[in-house]
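Chemist: next come a sequence and a model predicted from it.
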Amino acid sequence: MKALIAFGTVFMIFVLAIPINADGKGELKKYFSKTASKVKTTESAVEKRKILNESFQNMNEALDKVQNSGLISKEDYFEIDRFKATLLEKQNELEGKNGYERVPDAQLNAFTNYVVQDMEQAVGTITISVLTLVLIIVLIILLL
């Protein structure tokens, strides 16, 4: 009987973890989509850059805090590093740093679409734990 209860508990944990994990990634996707909406409704190129830059910085700050929390596994730590590298690449492209050509003002909306799609793909491919996703989401909400 105890074995059946233990098996049922483990089974439920795995069944419930899938939707939680998907929802966490959905929240990160919403964050990037919300940023894109702000950019597209803003007229000034300077403001568009500022919105994008702040979004990158907030996400990076949240990721740093999660990495430094000591609550995540080594695998999660390395997955977050990969995600941060993708963020940094986009920020460098926006600003024209580290060998990238600065995104022209007239192409900021298109760049925003590109960033959202790329970040959504990156979020879809990272394999971080549910706890880590929850920590990232909470920190992003607190930073906003």
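Modeler: Sure thing, it's come through. Numbers count the residues shown, from 1 in each chain.
Chemist: drop to CA atoms for contacts and neighbour counts, all remaining ones
Modeler: Fine.
Chemist: show the pLDDT at the nearest residue in space to residue 39 that is not next to it in sequence.
Modeler: Taking Cα to Cα, 6 or more residues apart in numbering as the measure, residue 39 lies nearest to residue 48, with 5.0 Å between them; neighbours along the chain are not counted. The pLDDT attached to residue 48 in the predicted structure is 94.
Chemist: could you pull out the helices for the chain?
Modeler: Assignment of helices within the chain using DSSP state H yields the ranges 2-41, 45-68, 74-95, 108-125, 130-143.
Chemist: tally of neighbours for the closest residue to residue 83 other than its chain neighbours?
Modeler: In space, not counting the residues next to it along the chain, residue 83 is nearest to residue 122; the distance is 6.8 Å by Cα to Cα, 6+ apart. The number of residues packed around residue 122, counting by other Cα atoms under 10 Å, is 17.
Chemist: for residue 122, give its distance to residue 48.
Modeler: Here residue 122 is placed at a distance of 22 Å from residue 48 (Cα to Cα, to the nearest Å).
Chemist: thank you kindly, that will do.
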